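Visitor: based on what follows, work out the 3D shape:
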Amino acid sequence: MTTPTPLVLTIQSHVAYGHVGNDAAMLPLQLLGIEPVAVHTVQFSNHTGYGEFKGQVFTPAHITDVIDGLRARGVLARCTAVLSGYLGDAGVGEVILDAVNEVRAANPKAHYLCDPVMGDVGRGIFVRPGIPDFLKKRALTHASVITPNQYEFEMLCGQSLDKVETAIQAARGMLALMHDPQSALIVITSLRTTDLPANSLATLAVTAGNAWLVQTPFIDLQPLPNGMGDVFSSVLLGHMLQGKAVPQAVAGAVSTLYALVSHTESGQRDLPLVACRSELAHPQVEFAAHLCA
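Guide: Here you go, the predicted model:
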C-alpha cells in the first residue's frame, strides 16, 4: 500500500510570467514530493519587479468560492499544511485563516506556514495599510511557522536587532503568541547584525528550546530577484513535511536558495527555478545549521 502524497493548500499570487507566489512555490513542493493545491489571490501578466503589469486582484468572495469547491471534493480534509505569502488585503487573510481552521479540524497537527510579507531593507513597506496589523494580531496567532526577513521581524516585534542574541530573545517572546508555542518555529532570513561577519548573510531559526544559525557568503545582486522568500518558504515547508528536523530543514532551504541566487545573472528579476531545478531538492553545496542557544 503506497503512502498518500502530502497535500499543501497554498494561497498566494499567480503570474503568467515570472516566479513569485504560487509560481515560485509549486515546483519546489512538487520536486520534494508534495502535491500543491494552489489557490490564486491575483492573476497578473508578470510580477511588479518588471514594472507595468496587467491582470486582476481576486476578491475574498472569489477565493472563498474556490475553497468551497475544494471542500466539496474533500480536499481540505486531506491537506497536511497551509502556506501563505503576500496578501492583497486583510479580507483575503481572513479567508486564509478560515481555511487553516478547517484544515486543522480534520488534521490538528497541520502546519500553517505564514510568510509575513510586508517590506524589506531599501524598499520599506510595500503592502496595503491594514496588512501589518492583520499579520501581527490575527495571522501570528494561527501560524505554526513564520519566515520573516529581518526588516519584517523588526516590524512584528517592534524593536531593532543589533545582535543575534537580541533576535533570539525577541523570537522567544513572539513564540508565545503563536499556535502551539512549544512546537512553533520562527525563521528570520536575511539577518545582518553587528556581531555577524559583514561578508555573510545569516538565517536564524528559533524554537521554544533551541536556536540555530545558518551562514552563507553574501551575494550582492542588484536588483535582487523577486520571489526569494516564496521559494525559501516552500522548500522549508517541503522538508518539514518530509519529516526532517528543524535544523536540517532550515539548512536545506538556505542551501537551495543560495544555489539559486548564485546562479542568477545580474539584472535578472527571477530565480532560475527550471534551469536549476536539481538544486531544489538536492543542492550541491550544503550549509549547516549550528546550535547557538
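Visitor: which ones are touching V145?
Guide: Contact analysis of V145 by CB atoms under 8 Å, 6 or more residues apart in numbering lists H111, Y112, L113, C114, A184, L185, I186, V187, L236, L237, M240. The way it works is simple: take the backbone N, C-alpha and C, and place the C-beta from them, glycine included.
Visitor: now swap in L97 and tell me
Guide: Contacts of L97 (CB under 8 Å, 6+ apart): R138, A139, H142.
Visitor: same question, V39
Guide: By CB under 8 Å, 6+ apart, the residues touching V39 are L9, T10, I11, I63, V66, I67, L70.
Visitor: from the residues you listed, pick the one nearest V37.
Guide: Of all these, V37 sits closest to L9, with 4.9 Å by CB to CB.
Visitor: okay, now the closest one: neighbour count?
Guide: Per other CB atoms under 10 Å, the neighbour tally for L9 reads 26.
Visitor: kindly report the same for C292.
Guide: Burial of C292 is recorded as 15 neighbouring residues (other CB under 10 Å).
Visitor: what do you get for V75?
Guide: 15.
Visitor: that one contacts E35, doesn't it?
Guide: No: contact criterion CB atoms under 8 Å: V75 and E35 do not qualify, at 10.0 Å.
Visitor: any shared contact partners between those two?
Guide: In terms of CB under 8 Å, 6+ apart, V75 and E35 are both contacted by the residues L7.
Visitor: any idea which element V37 lies in?
Guide: Using DSSP states H and E, V37 falls within strand 35-46.
Visitor: buried ones in that strand?
Guide: Neighbour-count burial for strand 35-46, counted by 16 or more other CB atoms under 10 Å, picks out P36, V37, A38, V39, H40, T41, V42, F44, N46.
Visitor: equivalent analysis for stretch 238-253, please.
Guide: By neighbour count on 16+ other CB under 10 Å, the buried set for stretch 238-253 is 238-241, 244, 246-253.
Visitor: repeat that for stretch 156-174.
Guide: Of all the residues in stretch 156-174, those buried under the rule 16+ other CB under 10 Å are L156, C157, L161, V164, T166, A167, I168, Q169, A170, A171, R172, M174.
Visitor: again with stretch 194-203
Guide: For stretch 194-203, by 16+ other CB under 10 Å, it's L196, L201, A202, T203.
Visitor: give the contact list for the second one.
Guide: Looking back up the chat, that one is L201. By CB under 8 Å, 6+ apart, the contact set of L201 is S190, L191, R192, Q215, T216, P217, F218, I219.
Visitor: pLDDT score for it?
Guide: Note on L201: pLDDT of 95.
Visitor: give me the three-state assignment for it.
Guide: Recorded secondary structure, L201: strand (DSSP: H, G, I helix; E, B strand; the rest coil).
Visitor: over to the one 3 residues further on?
Guide: Here L204 takes the strand state, with states given by three-state DSSP.
Visitor: what score does the closest residue to it other than its chain neighbours have for pLDDT?
Guide: Once flanking residues are discounted, L204 sits nearest to I188: 4.5 Å by CB to CB, 6 or more residues apart in numbering. Looking at I188, its pLDDT reads 98.
Visitor: convert the strand or helix carrying I188 to CSV, retaining C-alpha atoms only.
Guide: Assigned by DSSP H and E, I188 belongs to strand 185-191. Taking Å, rounded to 0.1, in the frame of the first residue of the first chain, the C-alpha atoms of strand 185-191 are listed here in CSV:
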residue,chain,number,x,y,z
LEU,A,185,9.1,27.9,14.7
ILE,A,186,10.3,31.3,13.8
VAL,A,187,12.9,31.6,10.9
ILE,A,188,14.4,35.0,10.4
THR,A,189,16.0,35.4,7.0
SER,A,190,18.5,38.0,5.6
LEU,A,191,19.9,38.6,9.1
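Visitor: going forward, begin numbering at 16 instead of 1
Guide: Okay, using 16 as the starting number, the last item reads as strand 200-206.
Visitor: contacts for it?
Guide: So strand 200-206 is contacted by 135-136, 159-166, 168, 176, 179, 182, 186, 189-190, 193, 216-222, 244, 247, 251, 261, 265 (CB under 8 Å, 6+ apart).
Visitor: so how far is it off the chain centroid?
Guide: A distance of 10 Å separates the centroid of the chain from that of strand 200-206, by CA atoms, centre = their mean, to the nearest Å.
Visitor: export the contacts of V160 to TSV and tack on distance to V289?
Guide: Listed next are the contacts of V160 as TSV, based on distance: CB to CB, whole Å:
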residue	distance to V289
H126	27
Y127	28
L128	23
C129	27
A199	34
L200	29
I201	31
V202	26
L251	20
L252	20
M255	24
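Visitor: of the residues you listed, which is the nearest to D104?
Guide: The nearest member of the contacts of V160 to D104, counting by CB to CB, is C129 at 15.6 Å.
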